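> when you get a sec, could you give me coordinates for this:
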Amino acid sequence: MIANDEYDGTIDVLERCARVHTKSSIVQILLADAYTFLERYDDASLSLDQAASIEASCKSYPWYKIVQSKILLHEDSVLDARLLLEDVIAHHGSKSRGNANLLMDQNDVLQCYLLLASTHRGTDAEEVLTNALEKMKGTSLEIQVIVELSRLLVKNNNAEHAVRVLKSEKKQPSSITAQLELANLYLQEDNEKEFIRCHKRNLNSIRTADTIISLGDAYMTAGSSEDALSYYKQAAKADPHKDVIVLRIGKTMLSLHDDDIHPVIQLYKNHLQEHPNHQLILLELAKLYNECDQQNQAITLLKTHLQQTEGGSELSTRLTLLILLTETYETIGETDEMHLSLEEAKDVCQRIVSGGKDSGNDLRSKLAAIFNRLARRYEDKGDLAVAEVQVTDALDIYCNDEESSVYLGQLFLKQGKVEECQHHCQWLRKMSPTSERVLELCGETFAAQAKYEDAIVTYKHLLSMDSQNYHALSKCIVLHHCDGKIEDIADLISNTEDDCGDTTSPGFQHAKGMSLLCQNRYQEAIICFSAIRGDGVWGSEAILQMISIYLNRGVTGVSNIQSSITIVQKLLLELQSMSGVDQKRLQVINGYIHLYLGKTEVALKAFSEVLVNAKEYVPALLGLTKALLVVDPASNKARTVAKRITKLPYDAMYREEFESSYLLLAEIYVQREKFDLAQELGNRVLKLNKSSAKAWEINGSVMELRGSYDEAANIYDKVLELM
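Here you go, the predicted structure:
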C-alpha cells in the first residue's frame, strides 16, 4: 500500500486528498495505513471509522482488514487479528464486492503473511512463512521471505536451518541479498572466517564497486584494516568518482595512522580538485582542519563552497555546512562571525520547514544548541536581553528543545522577569509534566518569589521521584534555612539517609555539608566538603563552599587570617585545574586573597577587570565594595557600588552575595543614621533569608538607636538563637 518510507509526506498528501474527496473510503483506508507506520493508532482507528461511515461495504476490502489487524495487534488482540488476516489470505484473488480495482498486489499479500506470522510463535510462525515462500516463488519478493524466514529460524534457535535456507538461494541478484544475510548470521556467531567468505562469494559473483566496498567493510568489521584499505583502493579504481569510497579510504588510513592526518587531508584535497561539489568530502576535510587547529583553512574552505553553491546546493546539506562553520568560528572565539553564520543557518532551516520538508531533529537540536552556547557568551558579558533573543531563536528552530525552554526561564529569572517565568513554567508543566528540569525551574521560580513553602514542596516532589536527586536535596536544605526552619534540616537529612541507601556518595556528602553549614557547624561542614573535593560532579561546588567558609565565617582550629588565606590559595589551585568552573568566580576569589593579604590596590584591579566584561557580575561588585571600604570606610564610592547592586534583578544563584551587599549598605546607613533605609534593607534580606542573624542584628541595632529597647532585646534574642 505504502511503498516507501516517507510517511510524513504521504500523510500530508492523503490528508489533503481526504479534504477534497470527502466521499472516498479508499483515501481514508490509505490514510489509516499511513498512520500505523508512525504508530498513530488512534488516528488510524478514526480514519477506518470514517471510511466505514462513507461506505459500509469497505469493511470487506482486504486493505481495510489489513489495517484493522495492525490496530488489533497494537491492542494485543492477537486472535482477532489472526482471524482477519487468515480471512484475507483465504480470499486472495477474489474480487471485493465486484470491485476489480481492490485486488491485492504481491506486496499486500506478503504484508499479510508477515503480519500473520507475527500472531504465531515457534514452528507455527515458521509454517506461515514457509507458505508465504511458496506463494512468492519466482517473484522479486521471494528473497524478502527467505530473509524473514531465516531470521525467524535464528530467533527459534535453529541457526543451521537458517543457513540452509539462505544457501538455497542461487539466483541473481537475490543470492547477493541472501549471502549478506548469511554473513550477518555468521557475524552474530563470531565466525569471522565464514563472514568474510560470504562477502567474497558476492564479489566473485558480481564484481562491482559496491561488492568490493562491501568486502572492504567486512574486513573493517573483522578488524583487518589493512585488508580493508586494499579493497577500498580497488573500489576506487572501479569507480573513481564515488565519494563514499574516498571517505572509507581516508577513515581507514586514520585508523591505521591516527597520529598523522596530513596524508588524509591531501587525499581529500586531491579529490575535491576533480569533484568540488562532493560535499561529504568537503565536510570531512573541514573537520580534519579543525582537528589539527587549522581553523582558518576550514573557514576558507567552507565559506568558498557556500558562496559558490548559494542557491544551488541542497538546503539540508547547506545547513550542515553552516553549522560546522559556526562551530569553527566558536572554537576561535569569533563571536560576530559566529552570529552571522548562525543567522544564515536559521534562515536555511526555516526555508526547509516552510518548503514542507523537515530538516530533521538532529540538525535542529544541533542548531538550537549553538544558539544556546552563543546565548551563554552574551550572558557571561551581562547582556541578558541579547542572550534571551538567542534562546528564543533556538526555540524558533526547535520548539521541543527542553534545554532551550528551561534556559529561557532561567534568563527570565536573572532579569527579574519573575511573572514571565511563572507563566513560562505553567506552559512547560503542561508540555512536560514529569520533566525533572522543568520542576527544578518551577522550584527556582517559587524561591525567587520567596514562596519557600511552594519551592520546598516542588523539590520534595523531585526527591519522591528520585531519592538520590542530591541537587534537589541540597536546594531543599537551603530553602528550609531561608524559610527559618533550621530545626527541620536535621530530620530532612536523616530521612534521606534512610531512603538513598548510599550515604558515602559525593552528592549526599555535599547535601550533608550544606545542612551542617546552614546549622553554623562549619568545622563539620568542611570535613564533608573536603571528602568530595576531587569528585568530577560535586568537587568544584564543594571547594567553593570551603573557600566561602574560610574567607567569610572563620573556622575553629585556624589561628589567623594568614592561615585561612594559605588554605584558600591551595584550594584555588585545585579549582583552577577543574573544567567547567566560571573563570570570573576564580578571578573574584583571587581578588579576595589579595584583599585579605593587605594588597588592596591589587584586589581593586582584580575586581575591576572582571567588571570590564561583566558589568553586573554581583560577586565582583561585592568584592569591589569591600575593597573600597578598606581604602576609605567613609567613602561614597563604596556606597554607590553597593546601591548599584540593590538595583539589579535578584538572582538566586548569587543569593549570599546579594544578601551581603544589602547588609553592607545597611551598615553604612546605620553609621550615617539613615535608620529607615537601613531597616528597609534588613527586612529585604529577611524576606530572602529569615535565618540571617546579621539582618536581625542590624534591625535590632536600629531599634536600640531609636530607643525602642524592648523591641531591640527581642530581636537580639532571635540573633542569639541563630548564632
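
> where does this structure have low pLDDT?
For the chain, the stretches flagged by pLDDT under 70 are 1-9, 93-103, 169-175, 311-313, 353-361, 498-501, 553-560.

> burial count for the residue lying closest to Ala678 once chain neighbours are set aside?
Take Ala678 and drop its neighbours on the chain: the residue closest to it by CB to CB, 6 or more residues apart in numbering is Tyr669, 3.8 Å away. All C-beta atoms are positioned from the backbone trio N, CA, C, and that covers glycine. Counted by other CB atoms under 10 Å, the residues lying close to Tyr669 total 22.

> what's next to the helix or strand containing Tyr669, contact-wise?
Tyr669 is part of helix 655-671, with elements assigned from DSSP states H and E. Residues outside helix 655-671 that contact it (CB atoms under 8 Å, 6 or more residues apart in numbering) are 478, 482, 548, 552, 618-619, 621-622, 625-626, 629, 638-639, 642-643, 645-646, 650-651, 675, 677-679, 681-682, 684-685, 688-689, 692, 694-695, 698, 701-702, 705.

> okay, buried residues for the next helix or strand after it please.
Scanning forward in sequence from helix 655-671 by DSSP H and E, the next helix or strand is helix 675-688. Within helix 675-688, the residues scored as buried using 16 or more other CB atoms under 10 Å are 675, 677-679, 681-682, 684-686, 688.

> and the host helix or strand of Asp454, what does it pack against?
Assigned by DSSP H and E, Asp454 falls within helix 452-465. Judged by 3 or more CB pairs under 8 Å, 6 or more residues apart in numbering; DSSP states H and E, the packing partners of helix 452-465 are helix 436-448, helix 470-482.

> quick one: closest of these to Ile589.
Ranking the helices and strands packed on helix 452-465 by proximity to Ile589 (CB to CB) places helix 470-482 first, at 20.8 Å.

> using PDB, list the CA coordinates for the helix or strand just after the closest one.
Sequence order places helix 489-500 as the next helix or strand after helix 470-482, per DSSP H and E. Provided in PDB are the C-alpha atoms of helix 489-500 (Å, rounded to 0.1, in the frame of the first residue of the first chain):
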ATOM      1  CA  ILE A 489      17.000  20.300  58.400                       C
ATOM      2  CA  ALA A 490      18.500  17.500  60.500                       C
ATOM      3  CA  ASP A 491      15.300  15.500  60.000                       C
ATOM      4  CA  LEU A 492      15.500  16.100  56.200                       C
ATOM      5  CA  ILE A 493      19.000  14.600  56.100                       C
ATOM      6  CA  SER A 494      18.100  11.800  58.400                       C
ATOM      7  CA  ASN A 495      15.100  10.800  56.300                       C
ATOM      8  CA  THR A 496      17.200  10.900  53.100                       C
ATOM      9  CA  GLU A 497      19.800   8.700  54.800                       C
ATOM     10  CA  ASP A 498      17.100   6.000  55.200                       C
ATOM     11  CA  ASP A 499      15.900   6.300  51.600                       C
ATOM     12  CA  CYS A 500      19.000   6.800  49.500                       C
END
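
> got the angle for helix 489-500 vs helix 470-482?
Angle of helix 489-500 versus helix 470-482, following axes from the mean of the first three to the mean of the last three CA atoms, to 10 degrees, is 160 degrees.

> any idea how far whatever helix or strand comes next after helix 489-500 is from the middle of the chain?
Once the chain leaves helix 489-500, the next helix or strand it forms, by DSSP H and E, is helix 506-518. Computed by CA atoms, centre = their mean, to the nearest Å, the chain-centroid distance of helix 506-518 equals 28 Å.

> which residues sit against helix 506-518?
Against helix 506-518 from outside (CB under 8 Å, 6+ apart): 468, 470-471, 473-474, 477-478, 480-481, 486, 489-490, 492-493, 496-497, 500, 502-503, 522, 524-526, 528-529, 531-532, 535, 537-539, 541-542, 545, 549, 691.

> as CSV, the helices and strands packed on helix 452-465 with distance to Ser577 and mean neighbour count would be great.
Shown next, in CSV, are the helices and strands packed on helix 452-465 (distance: least, CB to CB, whole Å; neighbours: other CB atoms under 10 Å):
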stretch, distance to Ser577, mean neighbour count
helix 436-448, 29, 22
helix 470-482, 23, 24
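
> next, format these as a markdown table and append distance to Tyr113.
Output for the helices and strands packed on helix 452-465, formatted as a markdown table (distance: least, CB to CB, whole Å):
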| stretch | distance to Tyr113 |
| --- | --- |
| helix 436-448 | 45 |
| helix 470-482 | 53 |
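
> among the ones you listed, which comes closest to His461?
helix 436-448 (6.5 Å).

> give me the angle between that closest one and helix 470-482.
Going by the same axes, to 10 degrees, helix 436-448 makes 10 degrees with helix 470-482.

> Ile299 versus Ser404, what's the distance?
Per CB to CB, to the nearest Å, Ser404 is found 26 Å from Ile299.

> higher neighbour count, the two?
Counted by other CB under 10 Å, Ser404 and Ile299 do not tie: Ser404 has more neighbours, with 25 against 22.

> just the C-alpha atoms of the strand or helix carrying the more buried one, please, in CSV.
Per DSSP H and E, Ser404 falls inside helix 402-414. Provided in CSV are the C-alpha atoms of helix 402-414 (Å, rounded to 0.1, in the frame of the first residue of the first chain):
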residue,chain,number,x,y,z
GLU,A,402,13.8,21.2,26.7
GLU,A,403,17.3,22.7,27.3
SER,A,404,16.3,25.9,25.5
SER,A,405,13.0,26.1,27.2
VAL,A,406,14.5,25.8,30.7
TYR,A,407,17.3,28.1,29.9
LEU,A,408,14.8,30.8,28.7
GLY,A,409,13.1,30.5,32.1
GLN,A,410,16.4,30.9,33.9
LEU,A,411,17.2,34.0,31.9
PHE,A,412,13.7,35.4,32.8
LEU,A,413,14.7,35.0,36.5
LYS,A,414,18.1,36.5,36.0
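
> next SSE after that helix?
Using DSSP H and E, the first helix or strand after helix 402-414 is helix 418-431.

> in that following helix, what counts as buried?
Buried-residue list, helix 418-431, by 16+ other CB under 10 Å: 420-422, 424-425, 428.

> which residues does Asp396 contact?
346, 350.

> how far out from the middle of the chain is stretch 118-136?
With CA atoms, centre = their mean, you get 43 Å for stretch 118-136.

> give me the buried positions along that stretch.
Per 16+ other CB under 10 Å, stretch 118-136 contains these buried residues: 118-120, 125-126, 128-130, 132-133, 135-136.

> TSV for those residues, including distance to Asp217 and secondary structure?
Below are these laid out as TSV (distance: CB to CB, whole Å; DSSP: H, G, I helix; E, B strand; the rest coil):
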residue	distance to Asp217	secondary structure
Ser118	31	helix
Thr119	36	coil
His120	35	coil
Ala125	32	helix
Glu126	31	helix
Val128	33	helix
Leu129	29	helix
Thr130	32	helix
Ala132	30	helix
Leu133	29	helix
Lys135	34	helix
Met136	29	coil
